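> Pasting a predicted model and its sequence here:
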Amino acid sequence: MLVILDRDGVINRYEGEYICSPDDWDPLPGSIEAIARLCGAGHRIAVATNQSGIARGLYNDATLAAMHDRLCKLVNEAGGRIDAIQYCPHHPDDGCDCRKPATGLLRAIQLELGLDSLSNAIMVGDSDKDLEAGFRAGCGTLGLVRTGNGLNTERHLSASQSPYDDRLIVADDLSALVDRILKRP
């Protein structure tokens, strides 16, 4: 099964400020090990992340690549692997088809990994944009973590009529969500 992870707020700390260098990229406790546990159970891992800091001139593609190299190195050292990373470098006002909640990043992952559909995939995020992208792309399961923007997202979903209820798993963090994924039949 494929598990697609948002990055900021799911894998690494996110306090609302742009992460502009590899030194600022700080994994959340247990997130790297959680990814390795998924891999150990036979799951493939992809990352789909909006990175408008590039369009805003806060960092460039090379800096983002260095952050992702650090992520992959840490995951490899823990015994896991990231199979694909797709990112949207555009500004929210650009109207691209890749910025979540659009499905372009997820479709690019699907194409890169040679999958017919994402119906067996799990999209994990901390924002409604992540969940909506996964829902619209046909992911069979949506995971919401309470880290990053997750608590606010959970409150928003609780106060509204959520279309995700029958597909949604909510957990405190990525490690707790992985525990639930690995216990599923």
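Cool, the structure landed. Because the structure is predicted, anything quoted here is derived from the model rather than measured.
> Which strands or helices does the helix ranked longest in the chain pack on?
Ranked by residue count, the top helix of the chain under DSSP state H comes out as helix 61-77. With contacts defined as 3 or more CB pairs under 8 Å, 6 or more residues apart in numbering; DSSP states H and E, helix 61-77 has these neighbours: helix 31-40, strand 44-50, strand 84-88. Quick note: C-beta positions are derived from backbone N, CA and C, even for glycine.
> And it, what's buried?
Of the residues in helix 61-77, 63-64, 66-68, 71, 74-75 count as buried by neighbour count, 16 or more other CB atoms under 10 Å.
> for the record, mean pLDDT for it?
For helix 61-77, mean pLDDT rounds to 98.
> Just want the angle from that helix to strand 84-88.
Helix 61-77 and strand 84-88 meet at an angle of 150 degrees, taking axes from the mean of the first three to the mean of the last three CA atoms, to 10 degrees as the criterion.
> what's the spacing between the closest residue to A78 other than its chain neighbours and Q110?
Leaving aside its chain neighbours, A78 sits nearest to A36 (3.9 Å; criterion: CB to CB, 6 or more residues apart in numbering). Separation of A36 from Q110 (CB to CB, to the nearest Å) stands at 23 Å.
> Also Y87?
15 Å.
> Next: S31.
S31 sits 23 Å away from Q110, going by CB to CB.
> follow-up on the earlier one: looking at the helices and strands packed on helix 61-77, spot the one closest to K183.
For the helices and strands packed on helix 61-77, proximity to K183 was assessed by CB to CB; helix 31-40 is nearest, at 11.8 Å.
> Name the surrounding residues that touch the helix or strand bottoming out on mean pLDDT in the chain.
Sorting the helices and strands of the chain by mean pLDDT, DSSP states H and E puts helix 150-159 at the bottom, at a mean of 92. If you take CB atoms under 8 Å, 6 or more residues apart in numbering as the criterion, helix 150-159 is touched by 9, 126-128, 131, 144, 146, 164, 168, 170.
> Check stretch 75-91 too.
Residues contacting stretch 75-91 (CB under 8 Å, 6+ apart): 2, 32-33, 35-40, 44-52, 54-56, 61, 64, 68, 71-72, 96, 98-100, 104-106, 108-109, 112-113.
> Out of these, which end up buried?
Neighbour-count burial (16+ other CB under 10 Å) applied to the contacts of stretch 75-91 gives 2, 32-33, 35-39, 44-52, 54-55, 64, 68, 71, 98-100, 104-106, 108-109.
> Name the nearest residue to the residue nearest the centre of the chain, ignoring sequence neighbours.
Centroid-nearest residue in the chain, with CA atoms, centre = their mean: D6, separated by 1.4 Å. Closest residue in space to D6, ignoring its immediate chain neighbours: G125 at 3.9 Å, by CB to CB, 6+ apart.
> With V75 instead?
Of all residues not flanking V75 in the chain, I35 sits nearest, at 5.2 Å (CB to CB, 6+ apart).
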